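S.K.: Here is a sequence together with a model predicted from it:
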Amino acid sequence: MKIVAREVVFSIIITIILFFVMSVILAFSDISDKIIKPAIIGIVSFSILITSFRLAKNKKEKGLIYGSLLSFIYMLLLYLLSSIINGNFGVSMESIFMIVIGIVCGIIGGILGVNFLK
């Protein structure tokens with residue numbers, strides 16, 4: 001479980017770095033604000049995909065389980081943090097979509113990680 005926690009933390013670090021890069025790009029360019037939501041989904045998905053891949057590659061078994069677990073914990077933390085910041089613990093279709101995408105990316109990363117260079 002320690003390695004799962006480490007990868008969740010690593011995923012959060014990747015997300016924070018990529019959010020910072022995105023905010024700098026948006027601040028200093030003429031890119032439309034309509035790109036923010038797709039970019040957030042892409043960043044979160046990328047972070048989960050990379051870390052679930054690393055986790056499953058390290059564990060060498062049960063990639064689907066470990067990828068799902070990592071993505072579930074990450075998405076739960078992200079939901080709690082965004083709910084606290086926004087002051088709204090409601091569940092919208094947008095949040096359900098993001099949770100599903102996150103878990104699917106975790107599963108895919110886990111499966112790819114276990115089967116990488118077998």
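M.R.: That came through fine.

S.K.: what helix or strand is residue 56 on?
M.R.: Using DSSP states H and E, residue 56 maps to helix 36-59.

S.K.: If we go by neighbour counts, what in that helix is buried?
M.R.: 39-41, 43-57, 59 (16 or more other CB atoms under 10 Å). All C-beta spots, glycine's among them, are computed from the backbone N, C-alpha and C.

S.K.: One more: stretch 85-99?
M.R.: 95, 98, 99.

S.K.: quick one: low-confidence parts of this protein?
M.R.: Applying pLDDT under 70 to the chain flags residues 117-118.

S.K.: picking that back up, and for the helix holding residue 56, what's in contact with it?
M.R.: With contacts defined as CB atoms under 8 Å, 6 or more residues apart in numbering, helix 36-59 is touched by 3-4, 7-8, 10-12, 14-15, 18-19, 22, 26, 62-63, 66-67, 70-71, 74-75, 78, 94, 98, 101-102, 105-114, 116.

S.K.: same question, stretch 93-101
M.R.: 37, 41, 44, 45, 75, 79.

S.K.: try it again with 6 Å
M.R.: 45, 75 (CB atoms under 6 Å, 6 or more residues apart in numbering).

S.K.: Repeat that for stretch 8-15.
M.R.: 43, 47, 51, 73, 74.

S.K.: farthest pair in those?
M.R.: Greatest spacing in the contacts of stretch 8-15, by CB to CB: 43 and 73 (17.4 Å).

S.K.: Give the burial count for residue 64, as a bare number.
M.R.: 15 (other CB atoms under 10 Å).

S.K.: Secondary structure element holding it?
M.R.: Using DSSP H and E, residue 64 falls in helix 63-86.

S.K.: Give the next helix or strand downstream of that helix.
M.R.: Next along the chain after helix 63-86, with elements defined by DSSP H and E, is helix 93-115.

S.K.: residue with max distance from the center of the protein?
M.R.: In the chain, residue 30 marks the outermost C-alpha relative to the chain mean, sitting 26.7 Å out by CA atoms, centre = their mean.
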